[in-house]
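**Student:** make a model of this:
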Amino acid sequence: MFQNLSEKLNTAGLKINISRRIFLLLLAVLFIFLSLLSFFLISNKKPQPSSVKKITSISENAEFVPDEIIVKYMDGYVPEDLRKKISEENILSKIKYTFNPTSDPETKLKTLEELFEKIGVISQEKLHDTNDPILRRFYILKLRRGTDVRLAHKILNSAEGIESVEPNYIMVPFATPNDPYYQNSPGMWGLEKIQMPKAWDIAKGSKSIIVAVIDTGTADHDDLPPDIIRANPGVGSHGTHVAGTIGALTNNSKGVSGVNWEVTIMSIQAIGGGMNSTAAIRYAADNGAKVINMSFGNVNGTVVNCENSPAYMHAISYAIDRGVVLVASAGNENMDSSRKTPASCPGVLTVGATGPNDERSYYSSYGSVVEISAPGGDKRISGGVCTISSCIVSTVPGGGYSYNYQGTSMASPHVAGAAALLLSVNPSLTPQQVSDCLVNNADSIAQEPGKPIGPRLNAFEALRACSSGAPPPVLTPNPTVTSQPIQYGISGSVFTDTNGNRQKDIGEGGVQGVTLTLVGPPNTETDTDTNGDYSFPSLAEGTYTITATFAGQSNSGSVILTSSFPQAKLDFGLISGGGPIPIPQPTGTPAITPGTGGGGTTPIVTPTPTPVKTYTCREDTKASTARPGSIKIGSLICEPN
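**Tutor:** A predicted model of the protein is given here:
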């Protein structure tokens, strides 16, 4: 009896022990499950983005690259990162995405791809080749031809995963071309205005300072440093002119003087070709530039405040964080520069233009963002034509010199050059300290009511105030310029004459690849470059005929070069439905020749322009007979004026 009872108790205890083990095992499994669930729910809780959605707008008159748009992805949405996560997926991550499918990289990528298919994206590429956590999130989306960029902008503005969106705005150089001049010249009134002769007694620059010229490209030139750093190929008159103001070889008895006698120029073509201008800013900052000159801005009439261009905001901030001084031209549209980019970007030193009498140049933009001004030229004082005494002379392609430009583009490099000069003696200055030094030590000038452009640059006072630790000045001669043999030449451009006013206006682009044939002698030919420009240098006195040939059609113009008229300009305008129409503008460029007796130069006399043949074109209606001497181009009849 007791034995049976004992056996029953043992059997019951065994059952209790087995049940307890099963219970504990189930409890452990439940604990693990709840722990994993809690982990996945917490780890996949949608994080607050480190960046905030920014809604941008496009002004009605904005000009931008067709079929392209720039986006900045939010953290966690960069396609490159999403694809990497997908390739690294495992069983745990798949379980995690089951509990929170919105964090699934495949879902994110699919959502973006469906959106891009809807608006017509055919490809995308990184805007910046960098690992910077902000700049690496900018991409250029390539759209199907004819895509409505404004509609795509509107859709992407509200899309998940897109922090900001903006068009790929077109930038143009801020200069006003006039009559070319390829000759050495001592008339550098701009350097005198900013007190460079005194400044050079304190500092002359240093090869250790790199100034990036983001522009149309810089040509090789005997009067420019031979060691120009070239980020990419590209040669342009505008960029070469700007580079000469910053750092033409000085005190070499040749040509013009630069603000710096010694400096390293970094040439980056980003206007009229080359890389995107925001990518150029990042490139310069990553490759040792201490100063960046930006003589460009939005196309004429386009309004883009920097607040509406995150691409510029972040690129400029990136450069400033790396100790780079950024200098920009205010613009040539006689408008508030707060409506322009990069002039309106925080941290940029924006420069207005002055004439020889310290007046605001008639074209110079203005406003609260314009902190300082510098010589940029003003042809009003010389009868509406650029002369050596009214505009800025500097280097140009072909080994020559020209005062054919006026503009805030010419003012900006004076300030950029002064910034480089200041850093050569005090490299510890921050970008803000450099800007403050230049502005606070500039000369006060009269300001037009409602159109302020800040004080005018005084390089000497800035150096004297901020060159702490500078070595004692070495007394060496100031630069001298000697007279050179007369240089004869003909140059010009071929452009699309959109408004038919028979002159090249801002926004009317040049045409590349047009053949220009010169009949002299010599008899030769050349093609227009990427900016539509051409030149025939190294000519002699005589009569020349130039023929422009485009799409099987041609037309000609003639000029006469003399010792008092050694340089001429002959443009060709392309009008709708026709070939090239000659637009001769051979205004004289007086030569400087050795004087007698006192050792000076002969008086400058403005010659009478040589008459040239011009035409007025109309549609050939067959209703009237064309006058003798008329030519036919396509459907047009062009009658001599």
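
**Student:** helices of this protein, start to end?
**Tutor:** All helices of the chain, identified by DSSP state H, fall at 2-43, 79-87, 91-99, 105-119, 149-157, 189-193, 196-199, 237-247, 277-286, 310-321, 408-425, 431-440, 459-466.

**Student:** what residue ranges in the stretch 1-150 of the chain score low on pLDDT?
**Tutor:** Applying pLDDT under 70 to the stretch 1-150 of the chain flags residues 1-21, 23-24, 26-51, 89-103.

**Student:** and the stretch 351-500 of the chain, by the same measure?
**Tutor:** 468-485.

**Student:** kindly recompute the last result at 80.
**Tutor:** Along the stretch 351-500 of the chain, segments meeting pLDDT under 80 span 404, 468-487, 497-500.

**Student:** got the domain ranges for this protein?
**Tutor:** The record assigns the chain these domain ranges, following automatic domain parsing: 64-169, 172-466, 488-640.

**Student:** and of the ones you listed, who's closest to residue 22?
**Tutor:** domain 64-169 (25.8 Å; Cβ to Cβ). Bear in mind the C-beta positions are built from the backbone N, C-alpha and C, glycine included.

**Student:** how far off centre is the closest one?
**Tutor:** 26 Å (Cα atoms, centre = their mean, to the nearest Å).

**Student:** end-to-end on it?
**Tutor:** 4 Å (Cα to Cα, to the nearest Å).

**Student:** number of nearby residues for residue 431?
**Tutor:** Residues within reach of residue 431, counting by other Cβ atoms under 10 Å, total 22.

**Student:** quick check: bridge partners of residue 143?
**Tutor:** residue 121 (DSSP bridges).

**Student:** that one touches residue 70, doesn't it?
**Tutor:** No. Assessed by Cβ atoms under 8 Å, residue 143 is found out of contact with residue 70, at 11.6 Å.

**Student:** ok, these two, which is more surrounded?
**Tutor:** residue 70 (24 against 20).

**Student:** still on that earlier bit, and among the domains of the chain, the most buried is which?
**Tutor:** domain 172-466 (a mean of 23; mean count of other Cβ atoms under 10 Å).

**Student:** so what's the gap between that one and the chain middle?
**Tutor:** 12 Å.

**Student:** show the pLDDT at residue 608.
**Tutor:** On the pLDDT scale, residue 608 is placed at 29.

**Student:** hang on, the earlier thing: in CSV: the domains of the chain, plus distance to residue 58.
**Tutor:** Listed next are the domains of the chain as CSV, based on distance: least, Cβ to Cβ, whole Å:
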stretch, distance to residue 58
domain 64-169, 6
domain 172-466, 8
domain 488-640, 18
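
**Student:** of all these, which one is nearest residue 57?
**Tutor:** Across the domains of the chain, residue 57 has its closest neighbour in domain 172-466 (5.9 Å, Cβ to Cβ).

**Student:** sorry, back to before: residue 53 is nearest to which of the domains of the chain?
**Tutor:** domain 64-169 (6.0 Å).

**Student:** what's the end-to-end length of stretch 436-444?
**Tutor:** With Cα to Cα as the measure, stretch 436-444 spans 15 Å from end to end.

**Student:** same deal with stretch 249-262?
**Tutor:** Taking Cα to Cα, the span from the opening residue of stretch 249-262 to its closing residue is 7 Å.

**Student:** avg pLDDT for that stretch?
**Tutor:** 87.

**Student:** contacts only, for residue 457.
**Tutor:** Residue 457 sits next to 194, 372-374, 414-415, 418, 438, 442-443 when contact means Cβ atoms under 8 Å, 6 or more residues apart in numbering.

**Student:** distance check, it against residue 445.
**Tutor:** 10 Å (Cβ to Cβ, to the nearest Å).

**Student:** next, show the common contact partners of these two.
**Tutor:** Going by Cβ under 8 Å, 6+ apart, residues that sit against residue 457 and also against residue 445 are residue 373.

**Student:** residue 116 against residue 141, yeah?
**Tutor:** Yes. Using Cβ under 8 Å, residue 116 is in contact with residue 141, at 7.1 Å.
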